[in-house]
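In: Here is a sequence together with a model predicted from it:
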Amino acid sequence: MTINLNETIKGKPRWMRAVIVLIGLTLPLVILAAGGMVAIWIFEICTSGFSATYDSYAPYFRFLPSDEEMIAHFQKHRADFERLVRIYRGDEPAVSAGEVEAIVKRIKVRWVRSDRTVWLPPDPYSDDAEQTTKKLDLRRRALRFDPAMRKFAGVFLGYDHPPVRRLNWYLSDVYKGYYYTPFPARKEKGILRTPLHGYWISPALDPYPTKLISGNCVYRQFEPQWFLEICQGL
């Protein structure tokens, strides 16, 4: 169907003619842009985890670090990773802030935090551990990030790579990192079981696992007590 603007605006007030011309010129561009966004969203849904991402801080497309890159990086700097965990959990005498900063820089870690879980030795999954945790109110203290509870905690380490924006309905930010558990964690039917939580696990985190949705994380185990983590924001 062809719209004849001359016939449409004939006899209309000047302001109305201007509006009609503007609509006639911009409407095709709006339709084209909307069609492009719909095509992107449909492609994202159909490919179930297409891992191309939009960098939140620069106008170009790129990928998050691959699993293999991150595992190789860990292996190269294993001693520093393990030492940083010991320092955080209080298993090593206090060190200077400068020394910690140097370790963090070498292993490209942006932040370190507790998993807020009580891994009580010798068996954090036992009934005895559960009873002791309740009796001493350890879980509440851990959930409140009590520094004294770090010695019982697992550790998340955020990898120093800017989050990237996933091309989905919500344009969610996605990032990757590492997760350390003080004891070998249980795995049951695709779930990583800690003494407090259950997390989805996947044999690979790239392309995006199908279980990765807004507001949650998925894990890949690469050593008995070490996991890769991928998380998607809301």
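Out: Now that the structure is in, tell me what you want to look at.
In: quick check: domain ranges of the protein?
Out: Split into domains by automatic domain parsing, the chain comes to 5-47, 65-232.
In: can you tell me which of these the model trusts least?
Out: Among these, domain 5-47 has the lowest mean pLDDT, at a mean of 57.
In: How is Ile213 assigned, secondary-structure-wise?
Out: For Ile213, the assignment made with DSSP: H, G, I helix; E, B strand; the rest coil gives coil.
In: Give me the spatial nearest neighbour of it, chain neighbours excluded.
Out: Among residues not flanking Ile213 along the chain, Gln232 sits closest, at 6.5 Å (C-beta to C-beta, 6 or more residues apart in numbering). (Each C-beta comes from the backbone N, C-alpha and C, glycine too.)
In: that older thread, make CSV out of the domains of the chain and add mean neighbour count.
Out: Shown next, in CSV, are these (neighbours: other C-beta atoms under 10 Å):
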stretch, mean neighbour count
domain 5-47, 11
domain 65-232, 16
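In: How about the contacts made by the residue nearest the centre of the chain?
Out: The C-alpha lying nearest the average C-alpha coordinate of the chain belongs to Cys231 (C-alpha atoms, centre = their mean; 2.1 Å). Listed by C-beta atoms under 8 Å, 6 or more residues apart in numbering, the contact set of Cys231 reads 174-177, 216-218.
In: Which residue ranges of this protein form strands?
Out: 53-55, 61-62, 109-114, 155-159, 164-166, 173-180, 186-188, 191-193, 198-201, 217-223, 226-232 (DSSP state E).
In: With just CA atoms, put stretch 224-234 into CSV.
Out: Extracted C-alpha coordinates of stretch 224-234, given in CSV (Å, rounded to 0.1, in the frame of the first residue of the first chain):
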residue,chain,number,x,y,z
PRO,A,224,36.9,-31.1,44.0
GLN,A,225,36.6,-27.8,45.9
TRP,A,226,36.7,-25.2,43.1
PHE,A,227,33.9,-24.1,40.8
LEU,A,228,33.4,-21.6,38.0
GLU,A,229,30.4,-19.4,38.5
ILE,A,230,28.2,-17.5,36.0
CYS,A,231,25.5,-15.1,37.3
GLN,A,232,22.8,-13.1,35.6
GLY,A,233,21.3,-9.9,37.1
LEU,A,234,17.7,-9.0,37.3
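In: Am I right that Pro209 is in contact with Trp200?
Out: Yes: between Pro209 and Trp200 there is a contact under C-beta atoms under 8 Å: 7.2 Å.
In: what is in contact with the two at once?
Out: Common neighbours of Pro209 and Trp200 (criterion: C-beta under 8 Å, 6+ apart): Val218.
In: Let's have the strands of the chain in TSV, adding distance to Gly98.
Out: As requested, the strands of the chain are exported to TSV (distance: least, C-beta to C-beta, whole Å):
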stretch	distance to Gly98
strand 53-55	31
strand 61-62	33
strand 109-114	16
strand 155-159	19
strand 164-166	31
strand 173-180	23
strand 186-188	39
strand 191-193	35
strand 198-201	35
strand 217-223	29
strand 226-232	26
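In: what would the contacts of Cys231 look like in a markdown table with distance to Ala204?
Out: Listed next are the contacts of Cys231 as a markdown table, based on distance: C-beta to C-beta, whole Å:
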| residue | distance to Ala204 |
| --- | --- |
| Val174 | 15 |
| Tyr175 | 17 |
| Lys176 | 12 |
| Gly177 | 16 |
| Asn216 | 17 |
| Cys217 | 15 |
| Val218 | 10 |
